[in-house]
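*Asks:* return atomic coordinates for the entry below.
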Amino acid sequence: MTDEERLDMLRLNLVPGVGPRMQSLLLERFDSASGVFQAAGNELLQVEGVGPKLSAAITSARASDEASREWERCQQASIDLRFRGTPEYPSMLAETCDPPPVLYCRGELLPQDELAVGIVGSRRCTLYGRQTAERLAGALARAGMTVISGLARGIDAAAHRGALAAGGRTLAVCATGLASLYPPEHRDLAKEIVAAGAVLSESPLDRGPSRGIFPQRNRIISGLSLGVIIVEASRKSGALHTARHAMEQGREVFAVPGRIDSLASIGCHDLLRDGATLVRDPDDVLQELGPLLEPVSRGEQDVVRSPRELSLSDQEREVLNLLSNDPQHIDEVIAAGSLEASRVLSTVTVLEMRRLVQRLPGGLLVRVTY
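*Replies:* Okay, the predicted model is just below:
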């Protein structure tokens, strides 16, 4: 993608009235953002949802220098622009329906952030909800998971703080633009998150809070995550939008139970009744998450293929990383490692019980990733 094409993608993102779904329809019809701006007005009108007013807005944006000024402001503020269809764009998010064509990023995204779980919930949370969110986020961060949330008051802030306190990574997905962070009292928290992860948004820099952009933002939280944990939610909570997006995207949905008479947890109880996975501790999450799209390297000798592997001991992980998806004889595995044969054999048995290793006839072993 050339710089000119990137600029047109940013220009399209700035057109009022062109949301994520409309961008997807336009890009599908005209192949690229540059193609959208080269299209005649009557061609634009053939796209579903494009009326005369929107067609005129797209046409007038061709001559605007707003995108150039936006890009320059991003460079001055150390904000990266990640464009759909480029290698730096998050691969898991790219596979979802209507992913953001442009993602504003302050901070750093790492390959290990593919090992991510979302934690969301009510803004008006209870002490129990806040403590639970912090505890789960901290434990998952220590296990090696990146914690994703929405920088909102309540459960979101508790999840970010729990991951930060554990020395882990966390990503905040904002509904507003990165120059108009909301809520304003979380600006210092956002700075801490930038130092230990990234703050992200699909919104132009100066977009302020409005009702529709918060549910829209939630699809990005779930799209970046292997699964989403709902800690506390009433039946009207926006966190349930995140759960719905997760289901539509094929992500795992988890819910933390509360008191059976707690209105703050009634949305979670509805999710559990409908088949969400109950969460008591981090292992409930790690054991349920499916395999990764691509293995994640956390060091020269540490390759993670499934979140379940994060709950292993150092010895178990060492033996597991001696194995591959191709069958290997047990003698080869013992010779390749530094452990005694008896310890390798006993560890293989544990890994087999955890469904991470499969024994084949003839003394062969294979690593399981599903």
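*Asks:* so for stretch 234-253, what gets flagged as buried?
*Replies:* Residues 234, 237-247, 249, 251-253 are the ones in stretch 234-253 that count as buried (16 or more other C-beta atoms under 10 Å). Any C-beta I mention is one placed from the backbone N, CA and C, and that applies to glycine too.
*Asks:* now swap in stretch 140-147 and tell me
*Replies:* Within stretch 140-147, the residues that qualify as buried are 140-141, 143-147, counting by 16+ other C-beta under 10 Å.
*Asks:* now stretch 40-49
*Replies:* The neighbour-count check on stretch 40-49 (16+ other C-beta under 10 Å) flags 44, 47 as buried.
*Asks:* do the same with stretch 55-62
*Replies:* Neighbour-count burial for stretch 55-62 [16+ other C-beta under 10 Å]: 55, 58, 61.
*Asks:* please apply the same query to stretch 262-276.
*Replies:* By 16+ other C-beta under 10 Å, the buried positions in stretch 262-276 come out as 262, 264-272, 276.
*Asks:* looking at those residues, which is nearest Leu189?
*Replies:* Closest approach between the buried residues of stretch 262-276 and Leu189, by C-beta to C-beta: Ala264, at 22.4 Å.
*Asks:* double-check that closest one against Ile230; I have them as touching.
*Replies:* No. If you go by C-beta atoms under 8 Å, Ala264 and Ile230 don't touch, sitting 11.5 Å apart.
*Asks:* which SS state does the residue nearest to Val147 when sequence neighbours are not counted fall under?
*Replies:* Nearest residue to Val147, sequence neighbours excluded (C-beta to C-beta, 6 or more residues apart in numbering): Ala163, at 3.9 Å. With DSSP: H, G, I helix; E, B strand; the rest coil as the basis, the three-state label of Ala163 is helix.
*Asks:* what's the neighbour count on Ala163?
*Replies:* Per other C-beta atoms under 10 Å, the neighbour tally for Ala163 reads 30.
*Asks:* check Gln216 too.
*Replies:* 18.
*Asks:* also Asp188?
*Replies:* 8.
*Asks:* name the helix or strand for it, please.
*Replies:* Taking DSSP states H and E as the criterion, Asp188 maps to helix 187-195.
*Asks:* partners of the lowest-mean-pLDDT helix or strand in the chain, with directions?
*Replies:* One helix or strand of the chain scores below all others by mean pLDDT, DSSP states H and E: strand 296-297, with a mean of 74. Strand 296-297 sits in its sheet next to strand 303-304 (antiparallel), going by DSSP bridges.
*Asks:* is it correct that Ser237 is in contact with Gly129?
*Replies:* No. With contacts counted by C-beta under 8 Å, Ser237 stays clear of Gly129, the gap being 11.1 Å.
*Asks:* adding secondary structure and distance to Pro111, write the buried residues of stretch 55-62 out as TSV.
*Replies:* Formatted as TSV, those follow (DSSP: H, G, I helix; E, B strand; the rest coil; distance: C-beta to C-beta, whole Å):
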residue	secondary structure	distance to Pro111
Ser55	helix	41
Ile58	helix	36
Ala61	helix	35
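*Asks:* dump the residues you listed into JSON lines; add pLDDT as well.
*Replies:* Shown next, in JSON lines, are the buried residues of stretch 55-62 (pLDDT from 0 to 100):
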{"residue": "Ser55", "pLDDT": "92"}
{"residue": "Ile58", "pLDDT": "92"}
{"residue": "Ala61", "pLDDT": "91"}
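*Asks:* what about the residue lying closest to Arg367 once chain neighbours are set aside, neighbour count?
*Replies:* With sequence-adjacent residues excluded and distances taken as C-beta to C-beta, 6+ apart, Arg367 is closest to Leu323, at 4.1 Å. Leu323 has 21 neighbours, counted by other C-beta under 10 Å.
*Asks:* same thing with Ile79?
*Replies:* Neighbourhood size, Ile79 [other C-beta under 10 Å]: 21.
*Asks:* and Glu114, by the same measure?
*Replies:* By other C-beta under 10 Å, the residues close to Glu114 number 20.
*Asks:* what's the answer for Pro99, then?
*Replies:* Number of residues near Pro99 (other C-beta under 10 Å) recorded here: 22.
*Asks:* could you list every residue that touches it?
*Replies:* Contact partners of Pro99, counting by C-beta atoms under 8 Å, 6 or more residues apart in numbering, are 20, 84, 93, 220, 223.
*Asks:* just these now: which is nearest Leu10?
*Replies:* Among these, Arg84 lies closest to Leu10 (C-beta to C-beta), at 11.7 Å.
*Asks:* ok, that closest one - contacts?
*Replies:* Residues in contact with Arg84 (C-beta under 8 Å, 6+ apart) are 9, 94, 99-103.
*Asks:* quick check: mean pLDDT of the helix holding Asp188?
*Replies:* Average pLDDT, helix 187-195: 97.
*Asks:* elements contacting that helix?
*Replies:* strand 102-107, helix 155-165, strand 170-174 (3 or more C-beta pairs under 8 Å, 6 or more residues apart in numbering; DSSP states H and E).
*Asks:* and the angle for it with strand 170-174?
*Replies:* Inter-element angle recorded for helix 187-195 and strand 170-174: 130 degrees (by axes from the mean of the first three to the mean of the last three C-alpha atoms, to 10 degrees).
*Asks:* buried set for helix 187-195?
*Replies:* Within helix 187-195, the residues that count as buried by 16+ other C-beta under 10 Å are 189-190, 193-194.
*Asks:* those residues into TSV, with extra columns for distance to Val50?
*Replies:* Shown next, in TSV, are those (distance: C-beta to C-beta, whole Å):
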residue	distance to Val50
Leu189	39
Ala190	36
Ile193	37
Val194	37
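*Asks:* Thr176: which of these is nearest?
*Replies:* Nearest member of the buried residues of helix 187-195 to Thr176, counting by C-beta to C-beta, is Ala190, at 11.2 Å.
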